[in-house]
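Participant: Quick one, fold the following:
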Amino acid sequence: MRTTRVPTPPLPLELADGRPAAAAWSLDPAITHLNHGSFGAVPLLAQDEQNRLRRQMDASPVEWFPALPRRVAAARSAIAGFLRVSVDDLALVPNASAGASVVYAGTPARPGGDVVVTDHGYGAVTMGAERLARRWGGRTRTAHVPLDADADTAYACVVGALGEATGLLVIDDITSATARRMPVARITAEARRRGIPTLVDGAHVPGLAEEPLAGLSCDFWVGNLHKFGCAPRGTAALVARTGLRDGLHPLIDSWGAREPFPDRFDTQGTVDVTSYLATPTALGFIEDTWGWEAARGYMRELADYAERIIGAAFSDLTGENCAVRVGMPVSALRLVRIPAPLAATRAEADALRDRVARELGVAAAFTSFGGVGYLRLSTHVYNTAADFEHFAERCVPVLGAWSRDQVRGGRP
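Facilitator: Here you go, the predicted structure:
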C-alpha cells in the first residue's frame with residue numbers, strides 16, 4: 001500500500017473581518033478556480049477603483065485626456081517602487097507580449113542576424129522573435145532545455161545556442177507552459193559579456209519575486225502586473241536600462257512621440273488606460289491585507305500541498321509516478337503529469353481545459369511539452385486546500401476515464 005507523505009496544508013487566509021480571502025474577489029463561487037497564472041483575478045477594491053476612474057473619464061473626456069499623462073506617470077512611479085526599479089527605466093504597456101513587440105520593433109537591425117529562443121518560450125513571444133529573424137534575413141535558433149535541467153545544465157543549453165550571428169536573445173525567467181525558472185542572471189551576464197542584447201520575459205514574475213530584476217544584466221525586461229500582482233488586466237511593465245532603450249517607441253504613435261523613454265509611453269491618445277491607474281490599488285490591497293511576503297509564503301505552501309495530493313491521486317489511479325521533476329521549480333506554479341494520451345499537443349491541452357471547465361466546473365490549465373500532457377497548478381491568496389482536494393477527489397477519476405476512452409478511440 002502506498003504511504004506517500006502528504007504535507008499539512010496551510011490554514012486558509014482571511015480578511016480582517018474574518019471572511020475568507022475569496023470574498024475580496026468577484027470570482028464565481030460555482031467554479032473552482034485553479035488557474036490564476038493565466039489571466040489573474042482582480043480584487044473588488046481595484047475593480048471599484050477602475051470603475052470610478054472610468055466614470056471620471058466618461059463624465060468629462062476633454063478634461064480627462066489632457067491630464068492623463070500626469071496620472072500615468074504617477075501610477076508608473078508606484079509600480080516602479082513595487083518592482084524596485086527606477087521610474088526612469090520603466091514604461092507601461094498592455095501586456096508582456098506587447099512589451100516584447102516594442103522591443104522587436106525597436107532593436108537595432110542586424111542584417112542576417114539570428115534570434116535565440118528556448119523551447120520553453122511563450123508562443124506569442126516566440127512568434128514575434130521568428131518574425132524579427134525573418135525581417136533580418138536570419139533565422140531563429142531554439143535552445144533545447146530539458147524539463148528537469150538544473151541551473152548549470154539550463155545555462156549550458158542556452159549559452160551553447162549563442163554564436164557570432166546572434167542579434168538578440170529572448171529568455172524566460174519563469175516559463176509559462178513548463179512552470180520552471182531559468183538561470184537568467186547567469187545567462188544575461190554571459191550575453192552581456194558577448195555583446196548580445198537580451199530580452200527577459202518575466203510575464204509571471206511580478207508578485208512572485210520580491211525584486212524581479214535583481215542581478216539581471218538584460219537590456220529589456222517585460223512582466224505582467226495582471227497575473228500574480230492582481231492588477232486589472234492589460235497592465236504590464238517594460239523595463240529598459242541600457243542605451244538601446246532610446247530606440248523603443250509605443251506601438252501607437254501619439255503626441256508624446258518626441259518625448260524621451262519612458263515618458264513617450266505615457267501618452268496614448270484615447271486608449272483606456274484606467275487599468276494602469278488602478279494597479280497601485282491592487283498591489284496595495286495585497287500588501288495592506290496580508291503583506292506580499294506572507295502572501296508569497298502562503299502561495300508556495302499551498303502549491304506544495306496541491307502538487308503532492310494531486311500527483312498522488314493521479315499516481316494511484318494510473319499505477320505510474322505522475323510527479324514531475326522540474327529542474328528549477330516555481331513557488332506558485334507547479335506541474336503534474338496527466339494520463340496519456342491527454343493533452344499531447346497544445347491544441348489538445350486547450351481543448352481539455354475547455355472540457356474540464358464545461359463539464360466539471362473547474363478552471364484549470366493544461367499544457368503540453370515534448371508530447372506529454374501536464375496539469376499546471378496555480379495558487380493565490382484566495383485559493384484554499386479544499387480547492388485542490390476537490391480536484392483530486394472529483395476530477396482525477398474523470399480524467400482517468402477520459403484517457404481510457406481516448407485510448408479506446410473515443411472522443412478526445
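
Participant: CA only for contacts and neighbour counts going forward, please
Facilitator: Will do.

Participant: List the residues that contact the closest residue to residue 253 other than its chain neighbours.
Facilitator: Excluding the flanking residues, the one nearest residue 253 by Cα to Cα, 6 or more residues apart in numbering is residue 268, at 7.5 Å. When contacts are counted by Cα atoms under 8 Å, 6 or more residues apart in numbering, residue 268 touches 252, 253, 254, 255, 256.

Participant: For the fourth one, list the residues it contacts.
Facilitator: Contact criterion Cα under 8 Å, 6+ apart gives 267, 268, 269 as the residues in contact with residue 255.

Participant: repeat for the third one
Facilitator: Shown in contact with residue 254 (Cα under 8 Å, 6+ apart): 267, 268, 269.

Participant: Same question for it, what's its three-state structure.
Facilitator: coil (DSSP: H, G, I helix; E, B strand; the rest coil).

Participant: What confidence value was assigned to it?
Facilitator: On pLDDT, residue 254 comes in at 93.

Participant: any idea how far residue 75 is from it?
Facilitator: If you measure residue 254 against residue 75 using Cα to Cα, to the nearest Å, the figure is 19 Å.

Participant: Ok, the second one next?
Facilitator: Shown here: residue 253 relative to residue 75, a distance of 21 Å by Cα to Cα.

Participant: more crowded one of those two?
Facilitator: residue 75 (21 against 14; other Cα atoms under 10 Å).

Participant: In this structure the more buried one contacts residue 274, no?
Facilitator: No - checked against Cα atoms under 8 Å, the pair residue 75 and residue 274 is beyond contact range at 10.1 Å.

Participant: show me where the stretch 201-350 of the chain has strands.
Facilitator: In the stretch 201-350 of the chain, the strands defined using DSSP state E, counting those that start in this stretch lie at 220-224, 236-240, 333-337.

Participant: Looking at the last one now, give me its mean pLDDT.
Facilitator: Right, the one you point to is strand 333-337. Here the average pLDDT along strand 333-337 is 98.

Participant: Who are the packing partners of that strand?
Facilitator: When contacts are defined as 3 or more Cα pairs under 8 Å, 6 or more residues apart in numbering; DSSP states H and E, strand 333-337 sits against helix 292-318, strand 372-378.

Participant: Run through who's touching it.
Facilitator: 37, 178-180, 303, 307, 310-311, 314, 322-324, 372-379.

Participant: for the second one, same thing?
Facilitator: Contact with strand 236-240 is made by 89-96, 99, 219-226, as judged by Cα under 8 Å, 6+ apart.

Participant: From the residues you listed, which land in helices?
Facilitator: Per DSSP state H, helices hold the following members of the contacts of strand 236-240: 96, 99.

Participant: now the contacts of strand 236-240: which count as buried?
Facilitator: Buried by 16 or more other Cα atoms under 10 Å: 89-96, 99, 219-226, out of the contacts of strand 236-240.

Participant: Count residues in the vicinity of residue 18, would you?
Facilitator: That count, for residue 18 with other Cα under 10 Å as the rule, works out to 8.

Participant: Oops, could you answer that again for residue 149 instead?
Facilitator: Other residues close to residue 149 by other Cα under 10 Å number 18.

Participant: mind checking the SS state of it?
Facilitator: Following three-state DSSP, we place residue 149 in the coil state.

Participant: From what I see, residue 38 and residue 227 are in contact.
Facilitator: Yes - with contact defined as Cα under 8 Å, residue 38 reaches residue 227; the gap is 6.9 Å.

Participant: The two - which one has more neighbours?
Facilitator: The neighbour count for residue 38 versus residue 227, taken as other Cα under 10 Å, is higher for residue 227 (28 against 15).

Participant: Tell me the confidence at the closest residue to the more buried one other than its chain neighbours?
Facilitator: Counting by Cα to Cα, 6+ apart, residue 227 lies nearest to residue 40, which is 4.2 Å off, once chain neighbours are set aside. Note on residue 40: pLDDT of 97.

Participant: Looks like residue 40 contacts residue 224 (just checking).
Facilitator: No - checked against Cα under 8 Å, the pair residue 40 and residue 224 is beyond contact range at 9.7 Å.

Participant: how close does residue 306 get to residue 336?
Facilitator: 10 Å.

Participant: Overlap of the contact sets of these two?
Facilitator: Joint contacts of residue 306 and residue 336 (Cα under 8 Å, 6+ apart) are residue 377.

Participant: hang on, the earlier thing: let me have the contacts of residue 254 in JSON lines, adding distance to residue 208 as columns.
Facilitator: Below are the contacts of residue 254 laid out as JSON lines (distance: Cα to Cα, whole Å):
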{"residue": "267", "distance to residue 208": "29"}
{"residue": "268", "distance to residue 208": "29"}
{"residue": "269", "distance to residue 208": "32"}
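
Participant: domains for this structure, by residue range?
Facilitator: The chain breaks down into these domains under automatic domain parsing: 21-30+291-407, 46-286.
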